[in-house]
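**Student:** sequence isn't available, so here's the structure alone:
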């Protein structure tokens, strides 16, 4: 909306200009050091000029026309070059003529389209010089039109052709310069995209390059680099995957469930700044690992299921985004018995975390939280939202405004332009009262932050470019202008990746454990819980039957690709010990203060963090058993009973390591699940292998255990007057230690 | 001039983006810039009335599942796209429609079911009858389109405009968006 009106055109224009500036900045950033070499120096002033000129309104470039040669089309520009003082540069052949020139017009041509051969040739100019911008665009995008081996082949063959020319008497400096440039290209390629050469297990491209350097450039820098890369790759292969699991170092402590690590975070009483930092740390690790060219439309949006590994780093980022949103949704909904005010506190906590994320310029998790809050099951809780303090509601509006879809997401594009490579957050709209206050309070922080963008905007842009601009033009020539356009986006991503290095965030294993412990609800589960908290005003007629249909075919498990992050594989675990940690005590104290809990009294026994007893908010319900303080029994309201319960299952184990630690997994129990299915679900969550028939499931009641018959409908068999705590046991008298996969427990979604 | 917010939904690879690009500017454009506002906006005349269509295309972000609700909340009309060459994309739509009805809290939302890529007849796996059955079940319009061959593309959007007009004639006087937000304050 801001852009509309008279200023619209201009702003848009300046935005486009700045995009180019960003891309240009990137060129400058990643220009290979080799460009410094004497031979290329003549080119440099030209490059630098073109970069600064982006900011200038008066175009110094003028389109002259197109030029066609066999296998390629060039766009030709006339460019005004200014000279501040007579220099030795520019065209050396007419040195005396130009020495007094203030400016001149030169003709510059760019490849618009061509065959692969022509495109590889264009890596060097006609004079055999390195065209650094072109090289960067080419290496970032070539995968969408040619294989690595093909490009390498062409490059090496070109070198060899030039080398064979050399022995002729007609050999020129030009040819030598040409070869030098090709070697420089290979350096840039190896340095910038080493992954292209990984190709396990035999690294054919790298081997080819090795053979080439041994023959033509023995002992050269390139030769040594190839040898070194080979050594690294084979070491990785032989040394197992230890080097490859970078995050493992950080996660390792979290995988050990020692009895000392008993406390955990519990919303809303969490350190907001710390949470924001930890979310940012997780995002940063993934963002730095992101391979930009995997975002290209040709790879990300055209991929099919078999090729999804081609975009693995993009997928990992998307999954983390969803994981954050799901945690927002889950923490707001999962305890149906909270009073509205308590639930509003959770909303407020997430908003406080989001606010800190804004300061940290982490737009990915920020948007994930806002999306979670705007998701239907949370957003529709009007009574809860109504209890949010005014300034928090304002904050929500202001943060949501950043991600408005209006005017093609103008607000967030603009913000990213302004702050992408800035040191810290300093942009607020004139209507953003809460954010103004925030930035005013913080002043300019001593530390500078990186930026983590919301990747989706880039992915949409790249998909649209891929759709709108044809891959080939005129008789099947590769449309290289399309690749330039794509590179404008990729360059922004790379620039931000560089900026992300500015983050220095500690790793908190306890946070990781908390993150992993949150149960994930899928759309329907979340909606059902939401409706139990605040029943819909006019329950629509035609939705019930569908849900039942779904239940009949195990409907909570979606099987399409979109649902890859749904609850089916969520891992939820929770640990507590006899000697309850500090946070537990604090927590139970707070609970005692809250009026609804008063009547229950309190004891040292801790309240499980995810006690999901699905009563329908009937707060007057007297607990049938007063033993567990605050833990209200599961109670199904007969009128509006849930179609499922969330039950907690623990595995009986004599393992010394876990003594005193109870490991719970929460699972959904729908109204048509029988014992073997429930056991199977529980085994899945608990990472147990084996035959479900060799296990028994029992509900833990205060005075005894109720073992479920082999083929009972568990939903109807459970005793809902008590907590839905279950124990899974191996039938064997001699319990065999189960295969528990510690790594899987820390898996993230 | 009345504005219409239209959301294009469907699994990845069904050609959503091609439908949008074809409708808004026609494939293939020499100079295309997805970052400017006009990439997703088009003024058309439907039944003698000038309309401004704002298209929200989810292409590239299908897997950001948590964001779908927001798209749905903001949209007035929905294009549900599958590819006639991939059964799974057809099956995914049932869930999407359910989600739309949930978010909108209505049983009847302006919607068009679209079987795209009908130029690829040789690769067809979803029959036309299947599509029209589903549309009956959804109680919505159905069209087979080809963004590539420019078949039925405009009709999809015109039909939606008519549906929106029919269901909520001239409602843009009262700011519906504002009233939702007021609840939060």
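**Tutor:** Arrived safely. Remember, predicted model here, so these are calculated numbers, not experimental data.
**Student:** C-alpha only now, for contacts and for neighbours.
**Tutor:** Fine.
**Student:** what about the nearest residue in space to residue A:487 that is not next to it in sequence, neighbour count?
**Tutor:** Spatial nearest neighbour of residue A:487, excluding adjacent residues (C-alpha to C-alpha, 6 or more residues apart in numbering or on different chains): residue A:137 at 5.9 Å. With neighbours defined by other C-alpha atoms under 10 Å in any protein chain shown, the count for residue A:137 comes to 21.
**Student:** against residue A:369, how distant is residue A:137?
**Tutor:** Distance of residue A:137 to residue A:369, computed by C-alpha to C-alpha, to the nearest Å: 35 Å.
**Student:** equivalent analysis for residue B:105, please.
**Tutor:** Counting by C-alpha to C-alpha, the gap from residue B:105 to residue A:369 is 23 Å.
**Student:** related to what we said a few turns ago, surely the residue nearest to residue A:487 and residue A:482 touch.
**Tutor:** No - look at residue A:137 against residue A:482 with C-alpha atoms under 8 Å: they stay out of range, at 10.4 Å.
**Student:** what sits against the residue nearest to residue A:487?
**Tutor:** Residues near residue A:137 by C-alpha atoms under 8 Å, 6 or more residues apart in numbering or on different chains: A:483-484, A:487.
**Student:** now do 10 Å
**Tutor:** Going by C-alpha atoms under 10 Å, 6 or more residues apart in numbering or on different chains, residue A:137 touches A:27, A:480-481, A:483-488, A:490-491.
**Student:** what about the helices in chain B?
**Tutor:** Along chain B, counting by DSSP state H, helices occupy B:16-24, B:68-74, B:87-104, B:128-138, B:153-167, B:176-184.
**Student:** among those, which is the most enclosed?
**Tutor:** Sort the helices of chain B by mean neighbour count, taking mean count of other C-alpha atoms under 10 Å in any protein chain shown, and helix B:16-24 sits at the top with a mean of 25.
**Student:** summarise which helices and strands that one is packed against.
**Tutor:** helix A:455-468, strand B:2-9, strand B:41-46, strand B:49-57, strand B:77-83, strand B:111-116, helix B:153-167 (3 or more C-alpha pairs under 10 Å, 6 or more residues apart in numbering or on different chains; DSSP states H and E).
**Student:** same list (the ones you listed) but as TSV, adding distance to residue A:127 and mean pLDDT.
**Tutor:** Formatted as TSV, these follow (distance: least, C-alpha to C-alpha, whole Å; pLDDT from 0 to 100):
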stretch	distance to residue A:127	mean pLDDT
helix A:455-468	33	92
strand B:2-9	50	94
strand B:41-46	46	90
strand B:49-57	46	91
strand B:77-83	50	95
strand B:111-116	49	96
helix B:153-167	49	93
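**Student:** quick one: closest of these to residue B:66.
**Tutor:** Nearest to residue B:66, of all the helices and strands packed on helix B:16-24, is helix A:455-468, at 12.0 Å by C-alpha to C-alpha.
**Student:** just to revisit the earlier point, which one of residue B:105 and residue A:369 has more residues nearby?
**Tutor:** residue A:369 (29 against 18).
**Student:** could you look up the SS state of that one?
**Tutor:** Here residue A:369 is recorded as helix under DSSP: H, G, I helix; E, B strand; the rest coil.
**Student:** any idea how far it is from chain B?
**Tutor:** To chain B, residue A:369 is 10 Å away according to C-alpha to the nearest C-alpha, to the nearest Å.
**Student:** what pLDDT does the nearest residue to that residue once chain neighbours are set aside get?
**Tutor:** With C-alpha to C-alpha, 6+ apart as the criterion, residue A:369 has its nearest non-adjacent residue at 5.4 Å, and that residue is residue A:325. If you check residue A:325, the pLDDT there is 95.
**Student:** isn't residue A:325 up against residue A:523?
**Tutor:** No - using C-alpha atoms under 10 Å as the test, residue A:325 is too far from residue A:523 to be in contact (11.9 Å).
**Student:** overlap in contacts of those two?
**Tutor:** When contacts are counted by C-alpha under 10 Å, 6+ apart, the set common to residue A:325 and residue A:523 consists of A:375, B:65-66.
**Student:** how about a markdown table for those, with pLDDT, neighbour count and distance to residue A:221 added?
**Tutor:** Shown next, in a markdown table, are those (pLDDT from 0 to 100; neighbours: other C-alpha atoms under 10 Å in any protein chain shown; distance: C-alpha to C-alpha, whole Å):
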| residue | pLDDT | neighbour count | distance to residue A:221 |
| --- | --- | --- | --- |
| A:375 | 93 | 28 | 55 |
| B:65 | 88 | 23 | 48 |
| B:66 | 83 | 26 | 49 |
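**Student:** for the closest residue to residue A:400 other than its chain neighbours, give me its contacts.
**Tutor:** In space, and not counting its chain neighbours, residue A:400 is closest to residue A:370: 6.3 Å by C-alpha to C-alpha, 6+ apart. Neighbouring residues of residue A:370 by C-alpha under 10 Å, 6+ apart: A:325, A:328, A:350-351, A:354, A:396-397, A:399-403, B:66-67, B:70.
**Student:** next one: residue B:150
**Tutor:** Contacts for residue B:150 (C-alpha under 10 Å, 6+ apart) come out as B:18-19, B:22-23, B:26-27, B:119.
**Student:** any idea of the pLDDT on residue 94?
**Tutor:** If you meant another chain, say so; for now it's chain A. 51.
**Student:** the intended chain is chain B.
**Tutor:** Model confidence at residue B:94 (pLDDT) stands at 92.
**Student:** hmm, residue B:82 and it touching each other?
**Tutor:** No - contact criterion C-alpha under 10 Å: residue B:94 and residue B:82 do not qualify, at 11.1 Å.
**Student:** residue A:218 and residue A:186, how far apart?
**Tutor:** The gap separating residue A:218 from residue A:186 is 15 Å, by C-alpha to C-alpha.
**Student:** nope, residue A:483 is what I was after
**Tutor:** Counting by C-alpha to C-alpha, the gap from residue A:483 to residue A:186 is 20 Å.
**Student:** more neighbours: those two, which one.
**Tutor:** Legend: neighbour count by other C-alpha under 10 Å for residue A:483 and residue A:186, higher for residue A:483 (24 against 16).
**Student:** what's the distance between the more buried one and residue A:353?
**Tutor:** Distance of residue A:483 to residue A:353, given as C-alpha to C-alpha: 39 Å.
**Student:** again with residue A:103
**Tutor:** The gap separating residue A:103 from residue A:353 is 56 Å, by C-alpha to C-alpha.
**Student:** ok, now which ones touch residue 116?
**Tutor:** By default, I'm working from chain A. A:71-72, A:122, A:142, A:145-146, A:150-151, A:154, A:477-478.
**Student:** my bad, the chain I had in mind was chain B
**Tutor:** Contacts for residue B:116 (C-alpha under 10 Å, 6+ apart) come out as B:14-16, B:18-19, B:80-85, B:143-148, B:151-153.
**Student:** which ChimeraX command selects the buried ones in the residues you listed?
**Tutor:** Buried residues within the contacts of residue B:116, by 16 or more other C-alpha atoms under 10 Å in any protein chain shown, are selected in ChimeraX with:
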select /B:14,15,16,18,19,80,81,82,83,84,85,143,144,145,146,147,148,151,152,153
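**Student:** ok but residue A:65 is inside a strand, no?
**Tutor:** Yes - membership of residue A:65 in a strand is supported by three-state DSSP.
**Student:** okay, and the beta partners of the residue nearest to it when sequence neighbours are not counted?
**Tutor:** Nearest-residue entry for residue A:65: residue A:76, 5.3 Å, with adjacent residues in sequence omitted and distances by C-alpha to C-alpha, 6+ apart. Beta-bridge partners of residue A:76, counted by DSSP bridges, are residue A:65, residue A:109.
**Student:** quick one: contacts for residue A:76?
**Tutor:** Shown in contact with residue A:76 (C-alpha under 10 Å, 6+ apart): A:61-67, A:107-112.
**Student:** closest to chain B out of these?
**Tutor:** residue A:112 (11.7 Å; C-alpha to the nearest C-alpha).
**Student:** how close does the residue nearest in space to the middle of chain B get to residue A:462?
**Tutor:** Geometric centre of chain B, nearest residue: residue B:79, 2.2 Å, by C-alpha atoms, centre = their mean. For residue B:79, the distance to residue A:462 equals 21 Å [C-alpha to C-alpha].
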